[in-house]
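Student: Any chance you can model this:
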Amino acid sequence: MLLWILLLLLILALFGFGFTMQILWYVAVVLLVVWIAGFAMRGRGSSRGGRRYGRSHR
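Tutor: Purely as a prediction, here's the structure:
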């Protein structure tokens with residue numbers, strides 16, 4: 001009986017780990033897309049306005 005309980009716990013742990021890893025892959029892909037979009041926006045915005053820091057505003 002103890003062997004069946006341990007086997008069931010092992011199966012549940014492996015299932016939970018696999019489910020968590022798949023969700024983490026989705027989170028990683030979303031973060032990568034956000035990072036690339038932010039990088040593209042920053043690159044486009046900095047070429048238009050020149051340097052933002054170091055100017056004296058009088």
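
Student: any weak-confidence spans in this protein?
Tutor: Applying pLDDT under 70 to the chain flags the ranges 44-58.

Student: Tell me where it has helices.
Tutor: Using DSSP state H, the helices found in the chain span residues 2-49.

Student: Burial check on I5, number of neighbours?
Tutor: 9 (other C-beta atoms under 10 Å). Backbone N, C-alpha and C define where each C-beta goes, glycine included.

Student: Tell me how far it lies from I11.
Tutor: For I5, the distance to I11 equals 11 Å [C-beta to C-beta, to the nearest Å].

Student: Extract the C-alpha trace of stretch 32-40 and format it as CSV.
Tutor: C-alpha atoms of stretch 32-40 as CSV (Å, rounded to 0.1, in the frame of the first residue of the first chain):
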residue,chain,number,x,y,z
LEU,A,32,11.1,38.0,-24.8
VAL,A,33,8.5,39.6,-27.1
VAL,A,34,8.1,42.5,-24.6
TRP,A,35,11.9,42.9,-24.3
ILE,A,36,12.3,43.0,-28.1
ALA,A,37,9.4,45.5,-28.5
GLY,A,38,10.9,47.7,-25.8
PHE,A,39,14.3,47.5,-27.5
ALA,A,40,12.9,48.5,-30.8
